[in-house]
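Enquirer: All I have is the shape, not the residue letters:
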């Protein structure tokens, strides 16, 4: 859709925007890559998607988070011990238990000094 008066609207490559949202790029980064100002991107979102960029980003970035979660899960289930431990801590509330034991207390040497005598 073109503006009624003035210059035509900047054409947004929505496929690129969606892919960049999926990898959690900021609005400023996306605007820079597609060659416009952030305000232009925000206005295009309002005009073409019916919401501001922050809402658009929330919708589109969920796909990237889902893909990352799927990859982490697959990596863990393929037997990666680091990912198994990490997901266990994140999803299952597991923790590393650190046990400390005092085997022997150090000896403390106490010396008494006379009030009028200075230590040597």
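Expert: The structure has been received and is ready for your questions. Please read these numbers as outputs of a predicted model, since none were measured by experiment.
Enquirer: count of residues packed around the closest residue to residue 13 other than its chain neighbours?
Expert: The shortest distance from residue 13 to any non-neighbouring residue, by Cβ to Cβ, 6 or more residues apart in numbering, is to residue 34 (5.5 Å). Where C-beta positions appear, they are placed from N, C-alpha and C, glycine not excepted. Neighbours of residue 34 under the rule other Cβ atoms under 10 Å: 18.
Enquirer: what does residue 100 give?
Expert: Counted with other Cβ under 10 Å, residue 100 comes out at 4.
Enquirer: Now residue 103. Its backbone dihedrals?
Expert: Per-residue torsions, residue 103: phi -90, psi -30 (degrees, to the nearest 10).
Enquirer: right, and the residue nearest to residue 13 touches residue 16 too?
Expert: Yes: with contact defined as Cβ atoms under 8 Å, residue 34 counts as touching residue 16 (5.9 Å).
Enquirer: ok, back up a step: next one: the residue nearest to residue 13 from residue 106, what distance?
Expert: Distance, residue 34 to residue 106, using Cβ to Cβ, to the nearest Å: 66 Å.
Enquirer: Quickly note the distance from residue 113 to residue 107.
Expert: Applying Cβ to Cβ, the value for residue 113 to residue 107 is 20 Å.
Enquirer: Neighbour count: the two, which is higher?
Expert: More crowded of residue 113 and residue 107, by other Cβ under 10 Å: residue 113, with 9 against 5.
Enquirer: The nearest residue in space to residue 14 that is not next to it in sequence - how many residues pack around it?
Expert: What sits nearest to residue 14 in space, not counting adjacent residues and going by Cβ to Cβ, 6+ apart, is residue 48, at 7.8 Å. By other Cβ under 10 Å, the residues close to residue 48 number 13.
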